[in-house]
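Enquirer: Quick one, fold the following:
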Amino acid sequence: EDLKSSINAVLKSQDIPSLRDATPIFQPRPELQKVNAIHAWCERRAREIGKWLKDHPEVVAWVALDDLDFDWADALRQAGTPWMKIRSVQTNDRI
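Expert: Numbering: from 1, shown residues only. Got it, this is the predicted structure:
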């Protein structure tokens with residue numbers, strides 16, 4: 001909640017509307033976490049976005065902005081999880 005408040009403060013300072021909703025937070029798949037924590041994080045993030053989209057069928061167009069490389073998520077994708085790379089813009093985590 002603190003992070004969301006901080007993000008909303010920055011958005012407001014730039015005259016950008018505040019966040020309206022957020023994805024759920026899942027646990028990484030244990031078998032992936034043991035092998036590669038970053039890949040597990042990406043795959044988990046894709047499932048979270050997929051769940052949010054399933055809960056919001058009114059959303060017909062979307063894009064994910066993230067510093068994660070969703071190629072990793074797509075390579076580990078489970079049935080029911082959306083393909084992410086084609087609907088994502090990878091931001092620079094160093095800016």
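Enquirer: Does the nearest residue to residue 38 once chain neighbours are set aside belong to a helix, a strand or coil?
Expert: By the measure of C-beta to C-beta, 6 or more residues apart in numbering, the closest residue to residue 38 outside its immediate chain neighbours is residue 72, 7.0 Å from it. From N, CA and C alone the C-beta is placed, and that goes for glycine too. Reducing the assignment at residue 72 to three states with DSSP: H, G, I helix; E, B strand; the rest coil gives helix.
Enquirer: contacting residues around residue 72?
Expert: Neighbouring residues of residue 72 by C-beta atoms under 8 Å, 6 or more residues apart in numbering: 38, 39, 42, 43.
Enquirer: Now render the residues you listed as TSV, adding distance to residue 1 and pLDDT.
Expert: Converted to TSV, the contacts of residue 72 look like this (distance: C-beta to C-beta, whole Å; pLDDT from 0 to 100):
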residue	distance to residue 1	pLDDT
38	26	92
39	28	94
42	24	94
43	25	95
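Enquirer: Tell me which stretches of the chain form strands.
Expert: Counting by DSSP state E, the chain has strands at residues 64-66, 88-90.
Enquirer: how about these, which one is nearest residue 11?
Expert: Taking C-beta to C-beta as the criterion, residue 11 comes closest to strand 64-66 out of the strands of the chain, the separation being 13.2 Å.
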